[in-house]
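A.B. asks: Have a look at this prediction, sequence included:
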Amino acid sequence: MLGDTSSGGTPSGDTSSDDTSFGGAAGGDRPGRRALILVENLSVPFDRRVWQECTTLRDAGWEVHVICPQGSKRDTEPEAEIDGVRIHRYPLRAAAGGPAGYLREYGLALWHTVRLARKVGPVDVVHACNPPDLLFLPALWLKRRGARFVFDQHDLVPELYLSRFGRGEDLLYRAVCALERLTYRAADVVLATNESYRDVAVRRGGRRPQDVVVVRSAPDTDRFRPVPPEPELKRGKPHLLCYLGVMGPQDGVDYALRALEKLRYELGRTDWHAVFVGAGDTFDAMAELSRRLGLSEQVQFTGRIPDADLVRYLSTADVCLSPDPRNPLNDVSTMNKVLEYMVMGRPIVSFDLKEARVSAGDAAVYAPANDEGEFAGLIALLLDDPEKRARMGKTGQERINGPLSWRNSQASLLAAYAAVCRDHAPVSAGRPYRARRKPRH
């Protein structure tokens, strides 16, 4: 879910107060440090959290390499150097066909990761981002060569398994729990994306509290800024509703569509147009559900769009939707879309989830978990109250620019790196990166 559930909880940086050993800067006083970030879930720089971590480390004096899959429409080059970050990409087809498909995907990803890591050479820190909880295997190989291992836990994979597949605590569930335990055990430091995840690392993972640091995800406020609204995006309606994010089985787009059906046919509201921005496994199914619910005239699916177009839609939206249902994963995860709605000053309708309240606070109104009728009623309430919408939008912007800002997360990230490298001689000294001939296209 990280495209969308890159989780967050209490204001980032809070954890550093739990243990003063996580202090100081990373990189500036240790020239020549090299970090290798491993990602399997998304390409880079499309993965916004990972890209922010890369640029933060770069600015602190680290030489940063990333190994990740190639994108289908963007991030397609096998190798690229972007803003001083060296990115090594491999071809990967997303899993299909059940467990065998995932085994094939993850096996290929691990093979390519090790292959490219050998090309990168010695590093001081290997920084692995889940899902899946398999990247501890190449991380262990690099640890034996002198690297320290930072585990960046983007998702709770056991909860993701329960929420996505609905198979209960079967053999595969027990297997993903075992992989999570092995990853925790191998890591020198764990980066948790919120306090709920941090609690899992301590309670279920057996990690010492001082070895788990909260590094919240946060929007790039330099890139995400409101622009003047464009009324034509409302398709002739007084109001625009907007959903942004991944469309997977656990992301609640179906809940949003059923709520819009109630808004139109039970509450009699036809004064809105809705746009759903994003893609995912259930995109085609959600478009078909919209047609079956009689919403085709008022609901638009854009797929993934350039950032400039996304900003146009969010700047025009009157209400933004966060319909993630309560399940084992969503209740303890913060959705990136919530944070991006807030930075754009948009009011939010959400289901009542633990971490949604921690992030959005009074920038959202909350329907009882999974209650589509109440969700529809709250949309109608906000459409009729422009002053409340303005207050909520201002609250969201203040939170993003204050306690939830990336500045706080940067400090936590650099403190974690400083701690993990303390009294650790650079293994990459004297092994500069060798520029390779650019691949032909």
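C.D. replies: Everything's here; your move.
A.B. asks: and R74, how many neighbours?
C.D. replies: 12 (other CB atoms under 10 Å). C-beta coordinates here come from the backbone N, C-alpha and C atoms, glycine included.
A.B. asks: The helix or strand hosting A128 - contacts with which helices or strands?
C.D. replies: Using DSSP states H and E, A128 sits in strand 125-129. Counting contacts by 3 or more CB pairs under 8 Å, 6 or more residues apart in numbering; DSSP states H and E, strand 125-129 packs against strand 34-39, helix 136-143, strand 148-153, helix 406-421.
A.B. asks: List the buried residues of the second one.
C.D. replies: When burial is assessed from 16 or more other CB atoms under 10 Å, helix 136-143 yields the following buried residues: 136-139, 142-143.
A.B. asks: sorry, back to before: now the helices and strands packed on strand 125-129 in TSV, with mean pLDDT and distance to D384?
C.D. replies: What follows is the helices and strands packed on strand 125-129, written out as TSV (pLDDT from 0 to 100; distance: least, CB to CB, whole Å):
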stretch	mean pLDDT	distance to D384
strand 34-39	98	44
helix 136-143	97	52
strand 148-153	98	41
helix 406-421	96	35
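A.B. asks: In JSON lines, list the ones you listed along with distance to V332.
C.D. replies: Below are the helices and strands packed on strand 125-129 laid out as JSON lines (distance: least, CB to CB, whole Å):
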{"stretch": "strand 34-39", "distance to V332": "22"}
{"stretch": "helix 136-143", "distance to V332": "22"}
{"stretch": "strand 148-153", "distance to V332": "12"}
{"stretch": "helix 406-421", "distance to V332": "18"}
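A.B. asks: Quick check: which of these is nearest to Y90?
C.D. replies: strand 34-39 (10.9 Å; CB to CB).
A.B. asks: Strand partners (parallel or antiparallel) of that closest one?
C.D. replies: Here strand 34-39 has these sheet partners by DSSP bridges: strand 63-69 (parallel), strand 125-129 (parallel).
A.B. asks: okay, the angle between it and helix 406-421?
C.D. replies: 120 degrees (axes from the mean of the first three to the mean of the last three CA atoms, to 10 degrees).
A.B. asks: Does anything pack onto the helix or strand following strand 34-39? Which helices or strands?
C.D. replies: Using DSSP H and E, the helix or strand that follows strand 34-39 towards the C-terminus is helix 48-59. Judged by 3+ CB pairs under 8 Å, 6+ apart, helix 48-59 is in contact with strand 34-39, strand 63-69, strand 85-90, helix 406-421.
A.B. asks: How far does the third one sit from its chain's centre?
C.D. replies: The chain centre lies 19 Å from the centre of strand 85-90; the measure is CA atoms, centre = their mean, to the nearest Å.
A.B. asks: Indicate each strand paired with that strand and its parallel or antiparallel sense.
C.D. replies: strand 63-69 (parallel), strand 79-82 (antiparallel).
A.B. asks: what are the ranges of the strands in the stretch 301-441 of the chain?
C.D. replies: Using DSSP state E, counting those that start in this stretch, the strands assigned to the stretch 301-441 of the chain run over residues 319-322, 348-351, 364-367.
A.B. asks: got JSON lines for the ones you listed, with distance to R225, mean neighbour count and mean pLDDT too?
C.D. replies: JSON lines is the format used below for the strands of the stretch 301-441 of the chain (distance: least, CB to CB, whole Å; neighbours: other CB atoms under 10 Å; pLDDT from 0 to 100):
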{"stretch": "strand 319-322", "distance to R225": "16", "mean neighbour count": "27", "mean pLDDT": "98"}
{"stretch": "strand 348-351", "distance to R225": "18", "mean neighbour count": "26", "mean pLDDT": "98"}
{"stretch": "strand 364-367", "distance to R225": "21", "mean neighbour count": "22", "mean pLDDT": "98"}
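A.B. asks: Out of those strands, which is closest to E340?
C.D. replies: strand 319-322 (8.7 Å).
A.B. asks: Paired strands for the closest one, with orientation please.
C.D. replies: strand 239-244 (parallel), strand 348-351 (parallel).
A.B. asks: what would the strands of the stretch 301-441 of the chain look like in CSV with distance to S296?
C.D. replies: Listed next are the strands of the stretch 301-441 of the chain as CSV, based on distance: least, CB to CB, whole Å:
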stretch, distance to S296
strand 319-322, 18
strand 348-351, 22
strand 364-367, 25
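A.B. asks: Okay, now the unreliable bits of the stretch 1-150 of the chain?
C.D. replies: 1-31, 96-98 (pLDDT under 70).
A.B. asks: mind listing what the closest residue to R48 other than its chain neighbours touches?
C.D. replies: Once flanking residues are discounted, R48 sits nearest to D220: 6.9 Å by CB to CB, 6 or more residues apart in numbering. For D220, the contact set (CB atoms under 8 Å, 6 or more residues apart in numbering) comprises 48, 52, 406.
A.B. asks: Check R269 too.
C.D. replies: Residues near R269 by CB under 8 Å, 6+ apart: 263, 380, 383.
A.B. asks: By neighbour count, which of those wins?
C.D. replies: L263 (27 neighbours).
A.B. asks: Would you agree that one is in contact with L378?
C.D. replies: No - counting by CB atoms under 8 Å, L263 stays clear of L378, with 9.9 Å between them.
A.B. asks: Give me the contacts around the strand holding A128.
C.D. replies: 2, 33-41, 47, 50, 53, 117, 135-136, 138-139, 142-143, 147-152, 154, 183, 417, 420-421.
A.B. asks: please redo it, this time with the cut-off set to 6 Å
C.D. replies: Here strand 125-129 makes contact (CB atoms under 6 Å, 6 or more residues apart in numbering) with 35-39, 135, 139, 142, 147-152, 154.
A.B. asks: List buried residues within the residues you listed.
C.D. replies: Buried members of these, scored by 16+ other CB under 10 Å, are 35-39, 135, 139, 142, 147-152, 154.
A.B. asks: Quick check: buried residues in stretch 291-302?
C.D. replies: 293, 295, 298-301.
A.B. asks: repeat for stretch 87-97
C.D. replies: Judged by neighbour count (16+ other CB under 10 Å), stretch 87-97 contains these buried residues: 87-90, 92, 95.
A.B. asks: Cool, thanks, signing off.
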